[in-house]
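**Q** fold the stuff below for me.
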Amino acid sequence: MVVSIKNFTLYMLFMSLAASVLADVRPRLILQITVDQLRGDLPQRFSQRLGKGGLRFLMDEGTYYTNAHYQHANTETIVGHTTLATGAFPAVHGMVANVWLDQEKGKLTYNIEDPHYHMLGKNAAVDKLTEIDPTQKTAKSDGRSPKAILTSTFSDELFIATAGQAKIFAVSVKDRGAVSMAGHAGKAFWFSKQSGEFVTSNYYYQQYPQWVTQWNAQSLADRYKNTQWKLLKQPSSYLFEDDRPYETDIAGFRRTFPHPYGHSEKYYYTLLTTSPAGDELTLEFAQTLIDKEQLGQDTVPDYLAVSFSSTDYVGHLFGPSSVEEEDNILRLDKTLAKLFATIDDKVGLENTLIVLSADHGAAEAPDYMASIGMQTGRLSKKSIDTAPVIQALEKRFGFGKELIQLYYHPYVYLNHKVIRDKGLNLAAVEHAVAHELLKIKGIAAAVSSSDLQKGRLPDSPLMRQIRRNFKRQRSGDIYLVQEPYWFLYSDESLPLAAMHGSPWAYDTYVPIIFAGMKIPAQRVSRKVHPLDIAMTLANFLHIKPPSGATGNVLPEIAAVE
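**A** Residues are numbered from 1 along each chain as shown. I've put the predicted structure just below:
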């Protein structure tokens with residue numbers, strides 16, 4: 001085919017105009033917000049009392065998916081965050097639990113711990129205060145990296161698509177909340193409960209950027225000393241009563257308002273994270289990062305993930321239906337409004353694609369559910385009578401407790417070495433243990449890994465959720481599921497009020513809201529899934545999806561193009 005010079009010139013002019021238009025509609029910043037433990041009904045519960053610029057802005061002016069549920073079984077922090085980042089199931093991205101047992105080394109593994117990398121700075125030590133986050137007790141070093149994540153993230157793909165020009169950052173109080181969202185190519189910062197600073201590891205930097213050093217030098221966390229977390233509004237305006245017997249008093253923080261910060265030097269920085277102060281500090285660090293790193297200041301899309309953790313800690317200590325959680329969400333609303341105002345000033349909301357979701361939901365405190373007549377309870381190592389299980393194993397195999405290594409949510413781990421040395425069949429022991437565990441009141445399912453691997457399970461919604469959580473090299477031998485609203489402990493160092501981690505609807509239920517970039521104001525009740533987010537973001541940016549992504553592109557957001 002012969003193309004004239006005139007036609008070629010017109011073609012090139014058209015392509016140039018098309019590229020210009022594409023650059024105009026492409027976001028300059030993708031802002032991904034994750035609110036830890038924000039169950040899907042909570043924004044609606046308090047919607048009439050929210051301000052105009054935070055959650056209400058998203059709900060009223062964005063596309064709000066009101067029926068979003070995770071499809072995997074273990075609804076824990078790292079599992080949900082990595083699913084949001086990758087668009088993949090835990091069986092694919094590999095983060096099957098906050099903690100798993102390394103069968104080869106015989107050691108519990110904290111999800112993002114990496115001894116090859118170390119925390120930067122003079123405070124390079126593992127946080128000793130883990131009372132509200134027992135999973136970190138398993139960490140033996142201060143090293144953190146994303147290398148245990150087995151697939152690419154959306155942020156990784158953005159980095160690749162822009163030849164490394166996109167700036168990619170993630171910030172959270174929790175290390176796993178930041179590392180997972182930053183992916184392999186981005187930069188992550190998290191809050192140290194030892195120093196009150198935002199820190200990182202030498203996976204990301206060899207030394208802190210000057211602006212981070214300057215921010216930490218201000219010691220902004222210390223301004224809360226000798227102050228209290230007080231109610232934002234009049235006590236009579238809150239839905240729930242203050243002080244319930246199942247609420248947790250950690251280190252004198254009290255079960256009732258006001259909650260004092262500065263009475264304990266040892267626990268001070270930890271207590272900040274159990275209140276809205278943790279989110280406020282995260283906001284201030286993120287605001288400085290936006291300014292100093294000049295996010296969204298050119299035509300190359302940048303990415304910022306902010307994971308707010310206070311809702312999770314408050315929910316654990318006081319329950320999702322508590323005055324504390326109610327006040328926390330009202331304050332979170334103000335924090336989000338300040339973040340959006342900063343984005344609007346520095347980048348423009350019309351140039352920013354915002355998506356908000358949560359890593360998991362939450363159960364009501366079992367004591368609260370029991371008060372309304374539901375059969376519930378709290379299962380723990382102390383409360384469960386394991387004698388019948390051991391006796392049954394001894395009767396069948398000639399050996400009992402030595403066959404079981406440990407339970408760490410959600411898996412029971414068997415002692416493979418003992419089983420091999422005794423000449424026993426692993427699958428047979430799995431089945432026997434699972435059979436006996438099902439006899440315990442409050443246990444809804446006990447699923448063996450051999451059945452998961454060989455596909456010998458019914459095709460039910462629950463079994464599909466458990467299969468999506470199974471990674472042979474990391475998953476345990478028996479997956480335990482408690483009955484709805486039963487509390488199943490694997491660590492009893494702190495008797496928390498409420499928990500998450502189950503496959504039941506209250507734990508899988510989260511909000512999904514897209515806003516900015518002329519996203520239309522609408523509510524969608526069709527069932528969608530958080531792993532749709534990474535695929536939708538990739539489609540919006542016209543880049544390839546993360547390597548393990550299996551979600552769908554949400555058509556309401558795709559149609560904006």
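**Q** wasn't Val79 part of a helix?
**A** Yes: according to DSSP: H, G, I helix; E, B strand; the rest coil, Val79 belongs to a helix.
**Q** hmm, it is touching Pro90, no?
**A** Yes: Val79 is in contact with Pro90 according to Cβ atoms under 8 Å; the separation is 5.3 Å. Quick note: C-beta positions are derived from backbone N, CA and C, even for glycine.
**Q** what do those two both touch?
**A** Counting by Cβ atoms under 8 Å, 6 or more residues apart in numbering, the contacts common to Val79 and Pro90 are 72, 96, 469.
**Q** who's in contact with the last one?
**A** Spelled out, that is Asn469. 72-74, 79, 89-91, 96, 410, 475, 479.
**Q** any chance of those in a markdown table, plus secondary structure and neighbour count?
**A** Converted to a markdown table, these look like this (DSSP: H, G, I helix; E, B strand; the rest coil; neighbours: other Cβ atoms under 10 Å):
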| residue | secondary structure | neighbour count |
| --- | --- | --- |
| His72 | coil | 27 |
| Ala73 | coil | 28 |
| Asn74 | coil | 30 |
| Val79 | helix | 28 |
| Phe89 | coil | 26 |
| Pro90 | helix | 27 |
| Ala91 | helix | 20 |
| Val96 | coil | 29 |
| Pro410 | coil | 27 |
| Ser475 | coil | 24 |
| Tyr479 | strand | 27 |
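**Q** picking that back up, any chance of the shared contacts of Val79 and Pro90 in JSON lines, plus pLDDT?
**A** Below are those laid out as JSON lines (pLDDT from 0 to 100):
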{"residue": "His72", "pLDDT": "98"}
{"residue": "Val96", "pLDDT": "98"}
{"residue": "Asn469", "pLDDT": "98"}
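**Q** for stretch 279-298, buried residues please.
**A** Across stretch 279-298, burial judged by 16 or more other Cβ atoms under 10 Å covers 279-290, 293, 295-296.
**Q** tell me the strands in the stretch 101-250 of the chain, going along the chain?
**A** Ranges of strands in the stretch 101-250 of the chain, per DSSP state E, counting those that start in this stretch, are 107-110, 168-172, 187-191, 198-199, 228-229.
**Q** residue ranges with poor pLDDT in the stretch 151-300 of the chain?
**A** Residue ranges of the stretch 151-300 of the chain with pLDDT under 70: 263.
**Q** need the helix or strand of this protein with the lowest average pLDDT.
**A** When each helix and strand of the chain is scored by mean pLDDT, DSSP states H and E, helix 5-25 comes last, with a mean of 45.
**Q** following the chain onward from that helix, which element is next?
**A** Downstream of helix 5-25, the next assigned helix or strand under DSSP states H and E is strand 29-35.
**Q** got the contact list for the helix or strand just after that following strand?
**A** Sequence order places helix 42-45 as the next helix or strand after strand 29-35, per DSSP H and E. Helix 42-45 is contacted by residues 50, 55, 59, 66, 239, 320, 325, 329, 511 when judged by Cβ under 8 Å, 6+ apart.
**Q** looking at those, which is nearest Thr273?
**A** Glu325 (14.7 Å; Cβ to Cβ).
**Q** that closest one in helix, strand or coil?
**A** From three-state DSSP, the assignment for Glu325 is helix.
**Q** contacts only, for it.
**A** Glu325 touches 42, 311, 314-315, 318-319, counting by Cβ under 8 Å, 6+ apart.
**Q** check contacts around His253.
**A** Not His; residue 253 is Phe. Phe253 neighbours (Cβ under 8 Å, 6+ apart): 259-260, 267, 271, 274, 317.
**Q** any idea how far it is from Ala182?
**A** 31 Å (Cβ to Cβ, to the nearest Å).
**Q** redo the contacts of Phe253 as a markdown table? Include neighbour count and distance to Gln136.
**A** Below are the contacts of Phe253 laid out as a markdown table (neighbours: other Cβ atoms under 10 Å; distance: Cβ to Cβ, whole Å):
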| residue | neighbour count | distance to Gln136 |
| --- | --- | --- |
| His259 | 23 | 22 |
| Pro260 | 14 | 24 |
| Tyr267 | 19 | 15 |
| Leu271 | 27 | 16 |
| Thr274 | 28 | 15 |
| Leu317 | 24 | 16 |
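**Q** could you chop this protein up by domain?
**A** 21-63+70-302+318-362+503-558, 378-488 (automatic domain parsing).
**Q** need those domains in CSV with distance to Ala370, can you?
**A** Output for the domains of the chain, formatted as CSV (distance: least, Cβ to Cβ, whole Å):
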stretch, distance to Ala370
domain 21-63+70-302+318-362+503-558, 10
domain 378-488, 8
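**Q** most tightly packed of these?
**A** Highest mean neighbour count of the domains of the chain: domain 21-63+70-302+318-362+503-558, a mean of 20 (counted as mean count of other Cβ atoms under 10 Å).
**Q** for the closest residue to Asp291 other than its chain neighbours, what are its contacts?
**A** Distances taken as Cβ to Cβ, 6 or more residues apart in numbering place Lys346 nearest to Asp291, at 6.6 Å, with adjacent residues excluded. By Cβ under 8 Å, 6+ apart, the contact set of Lys346 is 290-291, 295-297.
**Q** just the ones of those in helices?
**A** 290-291 (DSSP state H).
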